[in-house]
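Enquirer: Prediction below, plus the sequence it came from.
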Amino acid sequence: MNIAEIFETKKKEGKPVLSFEIFPPKKEEALKNIDATLERLCDLHPDFISITFGAGGSTADHKTVEIAKKIKSHYQVDPIVHLTCLYYTKEEISQILKQLERAGIENILALRGDRNPDSPVKQDFKYASELVSFIKSQGDFTVSGACYPETHLEAPDAVTDIRNLKKKVDAGVTHLVSQLFFDNEFFYRFYEKTRIAGIDVPIEAGIMPVTNRAQIERMVHTCGASLPPKFKRILDKYENNKEALFDAGMAYAINQIVDLIASGVDGIHVYTMNSVKVADRICSGIRSLI
């Protein structure tokens, strides 16, 4: 089933979509053990699972499609494959799309991709909207896109960021998933702005449960998410107590999700970081809501 159909089905049921994000491990030994992780994640019955895709050239990138195929054929969960474009030519993207088509994978999350100062950018694509248009010209794919509730770090202002997001939707995006955030008010204000701008596709709220301070500070630096005072207090109090920080982080994330669902959010996208323990705790906390 494609992502657009999943959202339509859940909307008729009056329930939000629940999805997970995973990444292909970079080390071969970890890749051998991914089956156990997939089995346990799929047992939690997400509506779909997204699989990240790097800037090219690593072992993990070559495993993305293989993992997506396994999720679909063996576990009967719909996959969505990330596809970045800064470091690929049109010909290379075309070959990847043919590989996805042969594998029966129809859902793609089209991304520009993060800049890597150690790798030369190729010139065929500058923006995710260009990748979306190219994908739509190459086959019958359902394309999703990313969005930033607190504005993309490279955007000059929020208005420009929303205009660029509208270009992606006009190019063929049928679903958006947000970058992580820790204050729901940012998401609500962003959501309202998208509707005013004529963006009417479902928008999933991206939630990353905190399990350690260093990890979350790296992610915040990368995406520009704000840390509310009450969230900082959790980090300050429990950063040296691993179990306490896990429990507090899970409680914070579950409270975020409960509030989002009560407010009628289209969907919840959990950045699992390949942790079954994280996904299981989240699902246990919201089971009756979804």
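Expert: Arrived safely, thanks for sending. Residues are numbered from 1 along each chain as shown.
Enquirer: what mean pLDDT does whichever strand or helix holds V270 have?
Expert: Secondary structure assignment for V270, by DSSP states H and E: strand 267-271. Per-region confidence: strand 267-271 scores 97 on mean pLDDT.
Enquirer: Mind giving me the packing neighbours of it?
Expert: strand 17-22, strand 173-180, strand 203-207, helix 242-262, helix 276-286 (3 or more Cβ pairs under 8 Å, 6 or more residues apart in numbering; DSSP states H and E). (C-beta placed from N, C-alpha, C; glycine too.)
Enquirer: ok, and what's touching the second one?
Expert: The list of residues contacting strand 173-180 from outside it, by Cβ atoms under 8 Å, 6 or more residues apart in numbering, reads 3-4, 7, 19, 50, 109-110, 132, 142-150, 165, 169, 187, 190, 194, 199, 201-208, 219, 223, 225, 269, 271.
Enquirer: Narrow those to those in helices?
Expert: I3, A4, F7, V132, L165, V169, F187, F190, T194, M219, C223 (DSSP state H).
Enquirer: just checking, next helix/strand downstream of the helix or strand of the chain with the lowest mean pLDDT?
Expert: With mean pLDDT, DSSP states H and E as the measure, the helix or strand of the chain carrying the lowest mean pLDDT is helix 28-32 (a mean of 61). Downstream of helix 28-32, the first helix or strand assigned by DSSP H and E is helix 34-42.
Enquirer: F48: neighbouring residues, count only.
Expert: 23 (other Cβ atoms under 10 Å).
Enquirer: before we move on, what about S226?
Expert: Residues lying near S226 (other Cβ under 10 Å) number 12.
Enquirer: With the one 4 residues further on instead?
Expert: Applying the criterion other Cβ under 10 Å, we find 10 residues in the vicinity of K230.
Enquirer: Please apply the same query to I71.
Expert: I71: 25 surrounding residues under other Cβ under 10 Å.
Enquirer: One more: the one 5 residues further on?
Expert: By the other Cβ under 10 Å criterion, the neighbourhood of Q76 contains 8 residues.
Enquirer: Name the residues of stretch 201-213 that are buried.
Expert: The neighbour-count criterion (16 or more other Cβ atoms under 10 Å) identifies V201, P202, I203, E204, A205, G206, I207, M208, P209, V210, T211, R213 as the buried residues of stretch 201-213.
Enquirer: Straight-line length of it, end to end?
Expert: Stretch 201-213 has an end-to-end distance of 34 Å (criterion: Cα to Cα, to the nearest Å).
Enquirer: begin at 578 from here
Expert: Yep, numbering from 578; the last one is stretch 778-790 now.
Enquirer: what mean pLDDT does it have?
Expert: 94.
Enquirer: do stretch 680-694 as well
Expert: Here the average pLDDT along stretch 680-694 is 90.
Enquirer: Okay, now the unreliable bits of the stretch 678-827 of the chain?
Expert: Along the stretch 678-827 of the chain, segments meeting pLDDT under 70 are nowhere present.
Enquirer: In PyMOL, select just the buried ones from the ones in helices among the contacts of strand 750-757.
Expert: Per 16+ other Cβ under 10 Å, the buried members of the ones in helices among the contacts of strand 750-757 correspond to this PyMOL selection:
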select buried, resi 580+581+584+709+742+746+764+767+771+796+800
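Enquirer: quick one: K587 from P805, how far?
Expert: 29 Å (Cβ to Cβ, to the nearest Å).
Enquirer: who's more crowded, the two?
Expert: Of the pair K587 and P805, K587 is the one with more neighbours under other Cβ under 10 Å, namely 18 against 15.
Enquirer: The closest residue to the more buried one other than its chain neighbours: how many residues sit nearby?
Expert: Excluding the flanking residues, the one nearest K587 by Cβ to Cβ, 6 or more residues apart in numbering is V594, at 5.0 Å. Other residues near V594 come to 23 when the count uses other Cβ under 10 Å.
Enquirer: Ok, the one 5 residues further on next?
Expert: As a burial measure, the neighbour count of I599 was computed by other Cβ under 10 Å and equals 22.
Enquirer: where does the residue lying closest to it once chain neighbours are set aside fall, phi/psi-wise?
Expert: Ranked by Cβ to Cβ, 6+ apart and with sequence neighbours excluded, the top spatial neighbour of I599 is N851, at 5.3 Å. Main-chain torsions, N851, degrees, to the nearest 10: phi 60, psi 20.
Enquirer: how about N851, what does it touch?
Expert: Taking Cβ under 8 Å, 6+ apart as the test, what N851 contacts is I599, F600, P602, T614.
Enquirer: could you redo the last one with a cut-off of 7 Å?
Expert: I599, F600, T614 (Cβ atoms under 7 Å, 6 or more residues apart in numbering).
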